[in-house]
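>>> Sequence first, then the predicted structure:
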Amino acid sequence: MRVASPPEIGQAVIAAHGLRKTYGKLVAVKQVDLEIQPGEVFGILGPNGAGKTTTLELVEGLRKPDSGTIIVDGIDVVRYPARLRQIIGVQLQSTALFTHLTNFELLRLFASFYDRGMNDRELDQLLAQVNLTEKRNNKVQELSGGQQQRLSIALTLVNKPRVVFLDEPTTGLDPQARRNLWDLVRAINAQGQTVVLTTHYMEEAEILCDRIAIMDRGEILALDTPRELIAQLNTPPVISGLTITPLPQDRIRNLPAVQDVRVDDEGFELHTTDTAATLVPLLALASEAGLEIRNLTVRQGNLEDVFLSLTGRSLRA
Amino acid sequence: MKRLLSMTRAQLLMTVRARQALFWNLAFPIIVLGLLSVVIGNGSAFNATVGVVGKGPLADATRHALASIKDVKLKTGSEAEERQALKNGDRDAVLVIPDETPATGHPVVVQMLYDNTNLSQSSAIVSLVSQVVQGVDRAYTHRPELVMLSSQGINAVNNSYVDFLAPGIIAMSIMTGGVLGISGRMVGYREQKILKRLRATPLSTVEFVLANVLSQLVVVLAQVVILMLVATQLFNVKVVGDIPTLILFALLGGLAFLTIGFAISGLAKTGEAANALGNVVTMPMMFLSGVYFPISGAPEWLKPLIGVLPLTYLANGMRDIVLRGVGAGGLGIDALVLAITSVLGCGVAARTFRWE
C-alpha cells in the first residue's frame, strides 16, 4: 500500500469551490464549497435527491460542472480528467459488474487499466482484505449483496488510489453486512487513503466519518465533525425511562430544569436544560412513589436532530 | 495497448462463457442448415430407378445402355409388376419394349411410363431415357449422326441446395451476431451502469469500443472457420474458392454489421427499444437477402429494397467465393457496399455513443 505523504498543514487533497450543476430547470447542485484533508473519512449526509451523488460525480470528473473549480491532489479535474482517473477509486451507487468473469479476473481486468495497477500477488492480498479469498474463482452473480459490495469496493482499490469515493456503500445491506463494511472502510482509511462517502444513514455518518457535510436541495447546510455539529445544535438532553405504572405527570413537570414532558403507560421522556439538576430529584420522586425506573437513558441530540433543525424535516422522510 | 488487450481478452472470455451467445453464433446456424437441408434439400444429386419390360434384343440393348449410366438403377420385371411398382413410387420410369427385332420401315414402338409428380425429376428422366433410346436406335440403323450437341456444364460442381445455403447461413449468423449481439450487449452495459463504472477508470472510449470490435471480429473468424468445417465435413458442401479470401471478406462483413450494432445501441434509449430496432433491421435481411432462396426469384418491386440490404452483398460475396471460386478481384461491389455500411454505421455510432 502506498502511504500518503505527510500533508502540509491546511493543504486539502480535495478542494472544490463554487460548484454548480443544473439539468435544464432542475438545479442538482446549487452552490457547493468543500475542502477535504488527506487521510480523512469525509461524509456527505442528506436525503435522496439532496445532490450528494451529483456533487460526488463532479469531484470524480464524471460530470462537468456548470461553474466552479475542483482540484484533487493537485490535478484540475475539469481540465485533466484522465490524470485524475489514475489516482482515484470510484464506487458508484448500485452498479452491476461484468457477468461470466470470476472475481479475480474482474480485479485483474480493472487493475490492468491503471499505470500503477496491482499485480496478481497484491490482488490476492486485496481479496483477503475484503474477506473474499474463498470466492476468488466464483462469478459475481454467485455473491451475496454484502459480498458484491465488498468486491465493488475492492475494485476501487486496484490502483492504490489517493482518494476513494463510495456512493451510498451500505444502502440495501443488512445490519451485519453494514457493520462489516464499516470495518472495511476504517481499514482502508488506516492505510492512509482518504475516503469520501455519501450516505443517508445518520448513524453511519456519525460512527464512520471524521467530518460531515450535511446537504439538502443542492446546498451544504453545515460542515463539521459529528460531535461539533451536535454540540452546535444546542438541543436539550433527553432523559427517558420505562416504568410499570405511569409517573405522576404534574410532579415531573415541576422538577427543576424540566422543559417538556411526555408520560404514557410504558414510560416517560423529558427534555431538560440541566441533566444533573433534573436527574437526582427524578430518582427521589420515583422511589417515593415506589416505582422502579428501567432503561434509564440520558441522550444528547444526534445528527437526525441536527438535520431536523436545519431543514425542518426528517432525514428519512 | 495493455488496456485494449486486456479488455479484448476479457470480452472474449465472457462471450465464450455465455451459453446464449454460443448458441446463436454457432449452434443455431448449424441447426438451421441441418433442418433446411433435410426438409428441402435431399441433395439434388440425380438418381433414377428405371424398370425395363421386355425380353427381345432391343430390350437387352436398352438395358445394357442404361446400366452403364451410374445414376440409374435398373430393374426388370413383367409389365404388370413394373406398372404397379411405378404406382407405388418405387420406379421413376418404366420402359415397355416389344420383343421383336426392329427392321427398317417397321419401327418398334417403345412405351415409356413415368411418374410425373416431381416435374424436374421426371423431365430429366424423360430426356435421359430418350437419349438412351436414340442411341440404341442409331446402333441398329447405323445412321450417321449429323448434328451433335456438345454440352458442357459451366460450374460443373453440380451445386446442391446445401451448397447454396451454407454460405448464406454463415453470413446471416455474422449479421445477427453483429447487429443483435453488439447492440444488446452495449445497451445492457449502459443500463447496468457498467459503462459508467468503466468511465471512472483510465480506460478510454476508443479503447473500450475497439476492444469490442476486435473481440467481435475474433468471434466472426471462429464462426466462419467452425461453420465451414461443419458444412464441408457434415453436409458435404464443396468449396471451390479459397478460405483466406472467404475469411477476409467475412471479417469485412462482420465489421459492417457490428457498426450497425453500435449505431443501434446509441440510437435506442432502452434495451427493449434496441431489441425492437435490431429486429426491424435484421428481419428483412434474414428473409430478403437471398439467404434461403436465390434473389432472382423475387418479385421485381422488391428488388430495389433487396439491393440496399447489406446482407445481400455479404451472402452473395461469400457464396461467390465458396461455390464459384471468385477471387478478391471479383468482389468489388460487394466489398464496397460493406465498406460503405461500415463507415455509415461508424459515423452514427460515434455521434450517438453514450456512457450512461
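Arrived safely.
>>> so what's residue B:176 up against?
With contacts taken as Cβ atoms under 8 Å, 6 or more residues apart in numbering or on different chains, residue B:176 has the following neighbours: B:24, B:282, B:286. All C-beta atoms are positioned from the backbone trio N, CA, C, and that covers glycine.
>>> What sits closest to the first one if chain neighbours are left out?
Right, residue B:24. The spatially closest residue to residue B:24, leaving aside those adjacent along the chain, is residue B:176, at 6.3 Å (Cβ to Cβ, 6 or more residues apart in numbering or on different chains).
>>> what about the one helix or strand the one you found maps to, average pLDDT?
Of the helices and strands defined by DSSP states H and E, residue B:176 is found in helix B:161-176. The average pLDDT within helix B:161-176 is 91.
>>> Could you list the alpha-carbon positions for that helix in CSV?
Coordinates of the C-alpha atoms in helix B:161-176 are reproduced here as CSV (Å, rounded to 0.1, in the frame of the first residue of the first chain):
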residue,chain,number,x,y,z
TYR,B,161,-29.2,-26.8,-52.0
VAL,B,162,-26.9,-27.2,-49.1
ASP,B,163,-24.1,-25.8,-51.1
PHE,B,164,-26.2,-22.7,-51.8
LEU,B,165,-27.5,-22.5,-48.3
ALA,B,166,-24.3,-22.8,-46.2
PRO,B,167,-22.5,-19.5,-47.2
GLY,B,168,-25.8,-17.7,-46.7
ILE,B,169,-26.4,-19.1,-43.3
ILE,B,170,-22.9,-18.2,-42.2
ALA,B,171,-23.4,-14.7,-43.5
MET,B,172,-26.7,-14.5,-41.6
SER,B,173,-25.2,-15.6,-38.4
ILE,B,174,-22.4,-12.9,-38.8
MET,B,175,-25.2,-10.4,-39.2
THR,B,176,-27.2,-11.4,-36.1
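>>> Once you drop chain neighbours, what's closest to residue B:298?
residue B:306 (6.1 Å).
>>> which residues of chain B fall in strands?
Remark: strands of chain B, listed N- to C-terminal, are B:48-53, B:72-76, B:93-96, B:111-114; assignment by DSSP state E.
>>> hmm, I was thinking of chain A
Residue ranges of the strands in chain A, as given by DSSP E, are A:14-23, A:26-36, A:41-45, A:67-72, A:75-76, A:88-91, A:163-167, A:194-199, A:211-216, A:219-224, A:238-242, A:258-263, A:267-272, A:294-299.
>>> List the buried residues for stretch A:113-126?
Residues of stretch A:113-126 classed as buried by neighbour count (16 or more other Cβ atoms under 10 Å in any protein chain shown): A:113, A:114, A:117, A:118, A:122, A:123, A:126.
>>> Now do the closest residue to chain B within the stretch 101-250 of chain A: how many residues are near it, please.
Nearest residue of the stretch 101-250 of chain A to chain B, counting by Cβ to the nearest Cβ: residue A:112, 3.9 Å away. A count of nearby residues for residue A:112, using other Cβ atoms under 10 Å in any protein chain shown, gives 21.
>>> Make sure it is actually in contact with residue B:4.
No - judged on Cβ atoms under 8 Å, residue A:112 makes no contact with residue B:4 at a distance of 9.9 Å.
>>> Show me just the buried residues among the contacts of residue B:176.
Of the members of the contacts of residue B:176, the ones counted as buried by neighbours, 16+ other Cβ under 10 Å, are B:24, B:282.
>>> Looking at the contacts of residue B:176, spot the one nearest chain A.
residue B:24 (15.3 Å).
>>> and the closest one, how far is that from residue A:109?
Relative to residue A:109, residue B:24 is positioned 24 Å away (Cβ to Cβ, to the nearest Å).
>>> same question, residue B:346
Applying Cβ to Cβ, one obtains 26 Å for the distance of residue B:346 from residue A:109.
>>> Mind checking which of the two has more residues around it?
Summary of the neighbour comparison: residue B:346 and residue A:109, criterion other Cβ under 10 Å, with residue A:109 having more neighbours (25 against 19).
>>> For the more buried one, list the residues it contacts.
When the contact criterion is Cβ under 8 Å, 6+ apart, the partners of residue A:109 are A:98, A:101, B:6, B:7, B:10.
>>> Now with 10 Å, please.
A:97-98, A:101, A:117, A:155, A:158, B:3, B:6-7, B:9-11, B:13, B:198, B:201, B:203 (Cβ atoms under 10 Å, 6 or more residues apart in numbering or on different chains).
>>> ditto for residue B:115
Shown in contact with residue B:115 (Cβ under 10 Å, 6+ apart): B:48-49, B:86-94, B:121-122, B:125.
>>> What is the burial count for the residue nearest to residue A:32 when sequence neighbours are not counted?
Counting by Cβ to Cβ, 6+ apart, residue A:32 lies nearest to residue A:19, which is 4.2 Å off, once chain neighbours are set aside. Look at residue A:19: counted by other Cβ under 10 Å, it has 24 neighbours.
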